[in-house]
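J.: just a sequence and a predicted model for now, questions to come.
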Amino acid sequence: MPSTSGPPNKRPADANKQGGQPQQGQDGPRTPGIQTFGANVVPQSAQGQPSRGGTRQQSVANESDKGRATPPPARSVGEMSEDEVVQLVKDHEVLREKYQKVKRYFFEQQSQVHQLQDTLAHQRLSQSRTSLDDSEYNARFERLHGLVGQLAFNIRKDWRSIPPFLQPAVNKDALSIGKQEMTAVGKALILSWLMDELFDKHFHPDLDPALSIQLKHIQTNIRRSAPLAQSTEEEEALTSKLVSWRLATLDGLTDHLRDTSAAQNREHLTNALKESLATHLQTYLAEPPPLELKSSVPMIVELAVAIASHLPMESRDVAIDYFPPGHALMGELMKVEQLQVPPLERPIADGLGRGMLAGLIGGVSGSSSSGGGGSGGGGGGPGASKKAEVVQQQQQQQQQQGQNVGQGNSSLSLSGSGSLGAGAEERPPRVRMAAGFAVQIRGKNVLVKAQVVPTG
């Protein structure tokens, strides 16, 4: 019987061998849910080629290495011809000459820059002068207003007549009553006198009075002759021009201000102003003059002179303004208050029209408004110029009103009853009386607002 343990037993082993190890080109065992790919998926043409990213990186690296490559060795002098050596020496001399010129130009320009920097620094230091700070100015003007108010209150019942420039703003019965309205009259008269006779007239109290008046007049003309500023830059340029002139003038007058005669000039001016203010007030007061004049007038004048001595020393343009009756209300410079003053119902003179114009034209001690500049830009005779400006404005208003009203049956009456006369109700409220100064740093901020009584 033939044996069955021969070749048939080898077939299973070969089959197992073939089933356990996949042949070349055949897929291996598959995992359920995962797709497999054979080795023949990649094309034959793509095998063995570098990737695009690798090629780009190699090109960038090659370009960066170009600048790092060692330069070829320079030829020695022995290898160069005689002409090449001569040309090289010439090129060296040309480059050396250019270098010397550039170096010299650099140091010259650097020295000029340093000189300009030093000049600007010295200019800033020379112009950065502050005689009093804002709080000190506030305190001094508050004290001045307090002294003026105290004197006006003490003499409120001693008035004999009303100054002409205030008559259109005062009721007829104010003299007989002698209360808040006459106190406001006293403040307005004293302040307007200080404005005209001191702040708008004298440049510095330590100088000779004649020289001081002339310098103040020059300062006034500089601002007055300047064209009307159309922008903030033009106004700042004019202010800078005035400040530079004033500081340069003071530098030239240093010997006069340090001389022993400076104290004598101030004392002489103070005494003259005391006597003048007392005489001016006595013109409108009853006889005998009140005793308060002797005690209050000297303190007011001395404090005002002390303030006036600091104004020209400032590198800022400190302007003091007094607003006459009829001036337009300015919220940025005025503090409108009634001060318990009764309304204007029966004025002594005509309403704020022809009566006020007559007082202004008559040159009565009056006013200076902020339009042309207070003490910062005012000078000899600014009160009269401001009066003329107010006169022109009032005349133009009256002409316009007369033309409009004259076409109808009614006419503009300036002598009738009513607080402001006929036609005045159409105009906006204006300044009736000012009971304080307005103080501002021109172009920067307002230190003190003027206390004013409005017409309405």
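T.: Done, it's in. Numbering: from 1, shown residues only.
J.: now do the strands in this protein.
T.: Using DSSP state E, the strands of the chain run over residues 318-321, 334-336, 431-434, 438-441, 445-448, 450-454.
J.: and the third one, which strands flank it?
T.: Just to be clear, that refers to strand 431-434. Paired strands of strand 431-434, with direction, are strand 450-454 (antiparallel) (DSSP bridges).
J.: and the nearest residue to residue 178 once chain neighbours are set aside, how far from residue 181?
T.: Once flanking residues are discounted, residue 178 sits nearest to residue 157: 4.0 Å by C-beta to C-beta, 6 or more residues apart in numbering. Backbone N, C-alpha and C define where each C-beta goes, glycine included. Applying C-beta to C-beta, to the nearest Å, the value for residue 157 to residue 181 is 12 Å.
J.: neighbour-wise, which of those two wins?
T.: residue 181 (23 against 15; other C-beta atoms under 10 Å).
J.: who are the contact partners of the closest residue to that one other than its chain neighbours?
T.: Nearest residue to residue 181, sequence neighbours excluded (C-beta to C-beta, 6+ apart): residue 174, at 4.3 Å. Applying C-beta atoms under 8 Å, 6 or more residues apart in numbering, we find residue 174 in contact with 162, 181-182, 185, 348.
J.: export these to JSON lines and tack on distance to residue 109 and pLDDT?
T.: Converted to JSON lines, the contacts of residue 174 look like this (distance: C-beta to C-beta, whole Å; pLDDT from 0 to 100):
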{"residue": "162", "distance to residue 109": "71", "pLDDT": "94"}
{"residue": "181", "distance to residue 109": "71", "pLDDT": "93"}
{"residue": "182", "distance to residue 109": "72", "pLDDT": "94"}
{"residue": "185", "distance to residue 109": "68", "pLDDT": "95"}
{"residue": "348", "distance to residue 109": "74", "pLDDT": "88"}
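J.: and of those residues, the nearest to residue 92?
T.: Closest approach between these and residue 92, by C-beta to C-beta: residue 185, at 93.7 Å.
J.: got a list of what the closest one touches?
T.: Listed by C-beta under 8 Å, 6+ apart, the contact set of residue 185 reads 152, 159, 162-163, 166, 170, 174, 433.
J.: residue 250: which of those is nearest?
T.: residue 152 (34.6 Å).
J.: gap between the spatially closest residue to that closest one that is not a sequence neighbour and residue 284?
T.: Of all residues not flanking residue 152 in the chain, residue 186 sits nearest, at 2.9 Å (C-beta to C-beta, 6+ apart). According to C-beta to C-beta, residue 186 and residue 284 sit 9 Å apart.
J.: cool, residue 448 as well?
T.: According to C-beta to C-beta, residue 448 stands 27 Å off from residue 284.
J.: next, count neighbours for residue 166.
T.: Residue neighbour count, defined by other C-beta under 10 Å, stands at 26 for residue 166.
J.: check it and give its pLDDT.
T.: We note a pLDDT of 93 for residue 166 in this prediction.
J.: tell me who's in contact with it.
T.: Residues in contact with residue 166, defined by C-beta under 8 Å, 6+ apart, are 185, 188-189, 325, 359, 433.
J.: ranking these by neighbours, who comes first?
T.: Counting by other C-beta under 10 Å, residue 188 has the largest number of neighbours within these, with 31 neighbours.
J.: list the contacts for that residue?
T.: 166, 325, 433-435.
J.: go again with 7 Å.
T.: Contact analysis of residue 188 by C-beta atoms under 7 Å, 6 or more residues apart in numbering lists 166, 433-435.
J.: closest one of those to residue 254?
T.: Closest approach to residue 254 among the contacts of residue 188 (C-beta to C-beta): residue 434, at 36.6 Å.
J.: tell me where the chain has helices.
T.: Taking DSSP state H as the test, the helices found in the chain are 10-20, 52-66, 82-127, 134-154, 174-177, 180-194, 209-225, 232-252, 254-258, 261-282, 292-310, 354-361, 374-377, 382-406.
J.: could you tell me the least trusted of those helices?
T.: Confidence, taken as mean pLDDT, is least for helix 354-361 of those (a mean of 41).
J.: quick one: buried residues of stretch 153-163?
T.: Residues of stretch 153-163 classed as buried: 153-156, 158-159, 162-163 (neighbour count, 16 or more other C-beta atoms under 10 Å).
J.: okay, those in CSV with distance to residue 338 next?
T.: Listed next are those as CSV, based on distance: C-beta to C-beta, whole Å:
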residue, distance to residue 338
153, 17
154, 22
155, 21
156, 17
158, 24
159, 21
162, 19
163, 21
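J.: nearest to residue 135 among those?
T.: Checking the buried residues of stretch 153-163 against residue 135 by C-beta to C-beta gives residue 153 as the nearest, at 26.6 Å.
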